[in-house]
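Q: A structural model of the following input is requested.
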Amino acid sequence: MSENLLYLKNAAIYQEDALVLSDVNIDIKKGDFIYLIGKTGSGKSSFMKVLYGDLPLKSGEGRVVDFDLRSLKQKDIPFLRRKLGIVFQDFKLLPDRDIFDNLYFVLKATGWKDKNAMETRIYEVLDKVDMRDKEAKMPHQLSGGEQQRVAIARALLNKPEIILADEPTGNLDPQTSVEVMGILRELNQNGNTILMSTHDYALILKFPSKTYKCDGQRVFEVVQKNV
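A: Predicted structure coming up:
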């Protein structure tokens, strides 16, 4: 039976006092790959920020994994984020440490203690994104595509229930975007649930999946030919 990992019902999303999206209804089940599309400024990033607790949900209903977004307290946010894997457009790697230590830092910050287990997990996630041989490189020594692979590996560290990918190909050239998408789709085929925001319609045509669109302060499902 499919398991509902995320839903919003009659939700309104605000940036401070400005309404960004209204009457949002969406549900994501275990194993889904969902696109969230729309022009720059249409509300995609605000939508994502609500899901990982960076913006409060002020009206309507919302739940992500085991957390009620309406009653989410500041102290609960780190625990919510441990159940999510978040991939950003600008990678957000720590520039002063190598790739291994970037990942080690995340594990340490999220409560891991056993150094052998930490090392094993780091190598596991680097293998998943074909970056096992780059562990000693500094972020600036990697291409944009390689940095995004590492960012995806970082998102996988705590075996998240959902991966939230916010414009993960936004800073990449078309060929590299296809390679990164290939990794995300393979992860999905292996059981990871993924919500990906993008304005790259060519990728959606190449890798079709269920799609929601932000437009005119609303979010609605679209069929492929109308993307």
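Q: burial count for Met118?
A: Residues lying near Met118 (other C-beta atoms under 10 Å) number 17. Every C-beta, even on glycine, is put in place using the N, C-alpha and C of the backbone.
Q: make that Glu221, sorry
A: With other C-beta under 10 Å as criterion, Glu221 counts 12.
Q: Same check on Gln141?
A: By other C-beta under 10 Å, the residues close to Gln141 number 12.
Q: ok, it to Leu6 distance?
A: Distance of Gln141 to Leu6, given as C-beta to C-beta, to the nearest Å: 36 Å.
Q: Please apply the same query to Ile152.
A: Distance, Ile152 to Leu6, by C-beta to C-beta: 19 Å.
Q: repeat for Arg154
A: Distance of Arg154 to Leu6, given as C-beta to C-beta: 21 Å.
Q: Domain boundaries for this structure, per the record?
A: Split into domains by automatic domain parsing, the chain comes to 1-83+161-227, 95-159.
Q: buried residues in the helix ranked longest in the chain?
A: In the chain, with assignment by DSSP state H, the single longest helix is helix 174-189. By neighbour count on 16 or more other C-beta atoms under 10 Å, the buried set for helix 174-189 is Thr176, Ser177, Val178, Glu179, Val180, Met181, Ile183, Leu184, Arg185, Leu187, Asn188.
Q: Over to stretch 125-132?
A: Val125, Leu126, Lys128, Val129, Met131.
Q: now those residues in TSV, with distance to Ser59 and pLDDT?
A: Converted to TSV, the buried residues of stretch 125-132 look like this (distance: C-beta to C-beta, whole Å; pLDDT from 0 to 100):
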residue	distance to Ser59	pLDDT
Val125	37	97
Leu126	42	97
Lys128	38	94
Val129	38	95
Met131	42	96
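Q: Distance to Tyr52 and secondary structure added to those residues, as JSON lines?
A: Listed next are the buried residues of stretch 125-132 as JSON lines, based on distance: C-beta to C-beta, whole Å; DSSP: H, G, I helix; E, B strand; the rest coil:
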{"residue": "Val125", "distance to Tyr52": "19", "secondary structure": "helix"}
{"residue": "Leu126", "distance to Tyr52": "24", "secondary structure": "helix"}
{"residue": "Lys128", "distance to Tyr52": "21", "secondary structure": "helix"}
{"residue": "Val129", "distance to Tyr52": "21", "secondary structure": "coil"}
{"residue": "Met131", "distance to Tyr52": "24", "secondary structure": "coil"}
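Q: Distance check, the most centrally placed residue in the chain against Asp133.
A: Nearest residue to the geometric centre of the chain (C-alpha atoms, centre = their mean): Leu164, 1.7 Å. For Leu164, the distance to Asp133 (C-beta to C-beta) stands at 28 Å.
Q: quick revisit: would you mind pulling the contact partners of the longest helix of the chain?
A: 31, 33, 128-130, 143-145, 148-149, 152, 156, 163, 165, 168-169, 172, 194, 196, 200, 202-203, 206-207 (C-beta atoms under 8 Å, 6 or more residues apart in numbering).
Q: In helices only, show me the residues you listed.
A: Per DSSP H, helices hold the following members of the contacts of helix 174-189: Lys128, Gly144, Gly145, Gln148, Arg149, Ile152, Leu156, Ala202, Leu203, Lys206.
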